[in-house]
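**Student:** show me how the following folds:
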Amino acid sequence: MGHRLGVSKAAIANAVADGRFPSRWYKVISNMSADAKIDCPMKLFNFAEESVASSDAQEDAA
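**Tutor:** Have a look, this model is predicted:
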């Protein structure tokens, strides 16, 4: 896995300890999961989420 991601074992261990993988790993891990015929939920990754304050400000500006 580390070889396909281009990261060290320590980086993978850190992500596991954090409870989420970096979002930039999604494509590689998703492909590996598909090859193994297992699910790859997006909630396992640290994708940015829209903040409520940000969406409220955009609505006020419109």
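
**Student:** dump the residue contacts of the closest residue to Ala11 other than its chain neighbours.
**Tutor:** The shortest distance from Ala11 to any non-neighbouring residue, by Cβ to Cβ, 6 or more residues apart in numbering, is to Gly2 (7.2 Å). All C-beta spots, glycine's among them, are computed from the backbone N, C-alpha and C. Counting by Cβ atoms under 8 Å, 6 or more residues apart in numbering, Gly2 touches Ser8, Lys9, Ala11, Ile12.

**Student:** what's near enough to touch Phe23?
**Tutor:** For residue 23 the amino acid is Ser, not Phe. Residues near Ser23 by Cβ under 8 Å, 6+ apart: Phe45, Asn46, Phe47, Ala48.

**Student:** would you list every one of the strands in the protein?
**Tutor:** Using DSSP state E, the strands of the chain run over residues 21-22, 45-46.

**Student:** and the gap between the closest residue to Met1 other than its chain neighbours and Ala48?
**Tutor:** With Cβ to Cβ, 6+ apart as the criterion, Met1 has its nearest non-adjacent residue at 6.3 Å, and that residue is Ile12. Look at Ile12 and Ala48: by Cβ to Cβ, to the nearest Å, they are 21 Å apart.

**Student:** kindly report the same for Ala34.
**Tutor:** 24 Å.
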